[in-house]
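> When you get a sec, could you give me coordinates for this:
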Amino acid sequence: MFSTGLMLGALLAGLVTGALGGLASIIPEAVRLWALAPFVAVIMLFELAGRPLSLPQNRRLVPQDVIPRADFAGPLQFGFEMGTGVRTFTPTALPQLLVLVIVLAGGLGPGLLAGLGFGVGRTLMPLSRALSGDPRRWDTKLLGSTAWVGRLCATGFLLALALIWS
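Numbering: from 1, shown residues only. Sure, this is the predicted structure:
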């Protein structure tokens, strides 16, 4: 139930982002792409070097009382707030870059796909931790490999960009 609400909330965030992309389409495509290119280049350089940028963000977590709500609203609110960045910690600038890419170059379809990808990724992480058998060891391994995880995410991001622009 929680993961379904989380994914729907993230999809809703993707829908909002995609709709904003539709509004940005009044700006000529060449202008949007040239405005986007420096942001992509700088953030990717830092990510691939294993030194991710931390952009300004709202450093508040979703309140704990949202998560255990019995109805569907809790997970939906959690997914939407995480997906839109209303309340989140991000150790990388990739989520903000994704929103910028979708607004300037994507549109509704890529926005929904990004929301789905975010929802699936956000659901799989705690699920894999819970199923690992040793959550503390899982945490230690993750913390020890954050640079490689960042590089992998940056590579996936570049592949997604290639798909959007092809």
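> what helix or strand is the residue nearest the centre of the chain on?
For the chain, the residue nearest the mean C-alpha position is Pro95 (4.1 Å; CA atoms, centre = their mean). For Pro95, the enclosing helix or strand under DSSP states H and E is helix 94-101.
> try Gly74
For Gly74, the host element (DSSP H and E) is helix 73-84.
> where does the protein dip in pLDDT?
1-11, 14, 22-23, 56-72, 75, 79, 82-89, 164-166 (pLDDT under 70).
> can you give me the helices for it?
In the chain, the segments counted as helices under DSSP state H are 2-24, 29-48, 73-84, 94-101, 108-131, 135-144, 146-165.
> Show residues contacting the second one.
With CB atoms under 8 Å, 6 or more residues apart in numbering as the contact definition, helix 29-48 has outside contacts at 24, 52-53, 92-94, 97, 100-101, 104-105, 150-151, 153-155, 157-158, 161. Using the backbone N, CA and C atoms, a C-beta is placed for each residue, glycine as well.
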